Each structure stands twice: as structure tokens, then as C-alpha cells.
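**Student:** Structure here, sequence nowhere to be found:
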């Protein structure tokens with residue numbers, strides 16, 4: 001394993017700077033250095049040195065090659081609101097029109113047109129295609145499609 005780690009450091013141009021730094025932390029740790037010493041030598045925080053030592057101990061080289069996943073931004077549109085938009089799209093038609101458009105759905109729901117487009121895309125809905133899209137009269141349509149949140 002040590003040879004593998006040393007190869008990463010020696011291939012510095014092809015390896016990312018982050019990975020090289022993480023490997024250097026691990027190599028110094030295997031030599032017996034403490035987090036404080038590693039931190040001062042590499043000009044990083046003591047906590048950072050400890051974090052990458054722990055991740056290497058838990059997952060080996062794969063544990064330090066990538067950052068841990070982050071939670072990301074919380075959704076602004078609730079699941080209930082998304083479900084109601086999908087239900088409205090699949091079971092109703094707007095007044096004085098044959099199918100929903102982004103603008104008509106925006107007016108009916110108060111959600112932006114771009115958000116309507118993202119919701120439709122995520123469920124594979126294309127109400128503007130009149131030859132392939134038709135609102136279903138089936139009461140169990142949501143179950144069959146796999147859309148949750150319907151009544």
C-alpha cells in the first residue's frame with residue numbers, strides 16, 4: 001500500500017493537488033507523525049490532518065480519493081406541491097385549451113415556468129405532445145406510473 005501511495009505523490013502532475021496532499025498526510029502518519037506535526041509541516045489545520053487519517057483508516061485509498069458527499073440545497077418546492085402539479089398535469093386540462101403549457105400551469109399553481117419544466121422533465125411528462133400525451137381517466141394512474149403524493 002505504501003508503494004501505491006508513494007506513486008501518487010511521484011506522479012504529481014497527473015494527480016490532483018488535493019489527493020497529493022491527502023496522501024502526504026497518510027504517509028507522514030504511517031511514519032509515526034502526530035496530527036500537530038503533520039499540520040505544521042504541510043501548513044494545514046490539525047483537524048484536516050486527523051480527518052484524512054481517519055478516512056484512510058476507514059476506506060483505504062478509495063476513502064481519500066474523493067470528497068464525502070454533501071447534503072446539497074434543500075428543495076424549495078415541497079413534495080406535496082410537486083405531486084399536485086403532476087396530478088393536475090395528468091388528470092386535468094386547462095379551461096379553453098387542449099393541454100397544459102408552462103405558462104398556463106404557472107398561472108394555475110403559482111410556481112415559476114422553469115420549475116414547472118423541471119418537474120415535468122423529472123417525471124417524463126410532455127403535455128405539449130398531443131399525439132403521445134393524454135390525461136388519464138384511470139383512478140390508479142399514479143400508482144401505475146409510480147408518482148407519489150396523490151389522493
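**Tutor:** Yes, it's here. Quick caveat: nothing in here was measured; it's all calculated off a predicted structure.

**Student:** pLDDT of the longest helix along the chain, averaged?
**Tutor:** For the chain, the helix with the greatest residue count under DSSP state H is helix 46-65. For helix 46-65, mean pLDDT rounds to 91.

**Student:** where's the next helix or strand after that helix relative to the chain centroid, distance-wise?
**Tutor:** Counting by DSSP states H and E, the next helix or strand C-terminal to helix 46-65 is helix 79-91. Put simply, helix 79-91 sits 22 Å off its chain's centre (Cα atoms, centre = their mean, to the nearest Å).

**Student:** Mind listing what's buried along helix 79-91?
**Tutor:** For helix 79-91, a neighbour-count test (16 or more other Cβ atoms under 10 Å) marks 81-90 as buried. In short, each C-beta sits where N, CA and C put it, glycine included.

**Student:** counting contacts, what elements does that helix pack onto?
**Tutor:** helix 102-109, helix 113-123, helix 141-145 (3 or more Cβ pairs under 8 Å, 6 or more residues apart in numbering; DSSP states H and E).

**Student:** how about the buried residues of helix 79-91 in TSV, adding pLDDT?
**Tutor:** Formatted as TSV, the buried residues of helix 79-91 follow (pLDDT from 0 to 100):
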residue	pLDDT
81	94
82	93
83	92
84	93
85	93
86	92
87	91
88	91
89	90
90	87
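
**Student:** Can you convert these into JSON lines and add a column each for distance to residue 46?
**Tutor:** Rendered in JSON lines, the data for the buried residues of helix 79-91 read as follows (distance: Cβ to Cβ, whole Å):
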{"residue": "81", "distance to residue 46": "45"}
{"residue": "82", "distance to residue 46": "44"}
{"residue": "83", "distance to residue 46": "48"}
{"residue": "84", "distance to residue 46": "50"}
{"residue": "85", "distance to residue 46": "49"}
{"residue": "86", "distance to residue 46": "50"}
{"residue": "87", "distance to residue 46": "54"}
{"residue": "88", "distance to residue 46": "55"}
{"residue": "89", "distance to residue 46": "54"}
{"residue": "90", "distance to residue 46": "56"}
